[in-house]
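Enquirer: Sequence first, then the predicted structure, then my questions.
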Amino acid sequence: MSRQLFIFAIIFTIIASVGCSSKDTEKLAETQKKLATVISLGKDLMPVFKRSCGVCHNRQNLNSPATEHNVYYENIDDITNKIGKFIIAGNPDESSLYKICEQSYPLSDEKIVMPPPGSGIPKWTDQELEKFAKWIAAGALKN
Ligand code: HEC
């Protein structure tokens, strides 16, 4: 009887520890996933802004109509100074800058389509847009 109990205790311990460790693994995977989905403005988005927008909207290009209204996409500050105006933290769909990059921004009857068609500059890909949306949704941090 006591031997049976002993075996039972061992089996119970094994089951309990397996259950526990798989839970720990799950938790770790969840944490890793969360960390991996934090989008960095500097690392993840700036290279895209520079490639698709900054090539024209930069401070070396002062004679171009692209910079006529001080529209620059060269550095992190150029993006964060648009928060509250063209970027609405927490809400990508209300963020006109996001809509412009998605090429779905209406301006009266005309759409602002950027980069301009025929310019040869690549637009934002779906994956890049998803990152931009996630960054805005997560609060548009200066990160
Ligand atoms: C090939 C050069 C070029 C690229 C690349 C480009 N733009 Fe432009 N952009 C222009 C020019 C030229 C104008 C001004 C002429 C016009 O209004 O059509 C302009 C105008 C704008 C305006 C309107 C400014 C105003 O006050 O009327 C915004 C906003 C803008 N661009 C955002 C962007 C964004 C965001 C990107 C990247 C997705 C981008 N642009 C990429 C050339 C470019």
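Expert: Sure, I can see it.

Enquirer: List the contacts of E102.
Expert: Residues near E102 by C-beta atoms under 8 Å, 6 or more residues apart in numbering: W124, L129. (Each C-beta comes from the backbone N, C-alpha and C, glycine too.)

Enquirer: Report the separation between it and the ligand.
Expert: 9 Å (C-beta to the nearest ligand atom, to the nearest Å).

Enquirer: Backbone dihedrals for that residue, both of them.
Expert: phi -80, psi -10 (degrees, to the nearest 10).

Enquirer: Could you chop this structure up by domain?
Expert: 1-37, 39-137 (automatic domain parsing).

Enquirer: Get me the contact residues on this structure for the ligand.
Expert: Neighbours of the ligand within the chain, by C-beta under 6 Å from any ligand atom: 52-53, 55-57, 64-66, 69, 71, 97, 100-101, 112, 114-116, 119, 121.

Enquirer: Check which element follows the helix or strand of the chain with the lowest mean pLDDT along the chain.
Expert: Within the chain, no helix or strand scores below helix 2-37, which has a mean of 69 by mean pLDDT, DSSP states H and E. Downstream of helix 2-37, the next assigned helix or strand under DSSP states H and E is helix 46-49.

Enquirer: who touches the next helix or strand after that following helix?
Expert: Counting by DSSP H and E, the element after helix 46-49 in chain order, helix or strand, is helix 76-80. Residues outside helix 76-80 that contact it (C-beta under 8 Å, 6+ apart): L41, G42, L45, M46, F49, Y72, Y73, I87, A140, K142.

Enquirer: tell me which residues in helix 76-80 are buried?
Expert: Using 16 or more other C-beta atoms under 10 Å as the test for burial, helix 76-80 gives D78, I79.

Enquirer: quick one: low-confidence ranges for this protein?
Expert: Residues of the chain that meet the criterion pLDDT under 70 lie in 1, 5-21, 31-36, 107-109.
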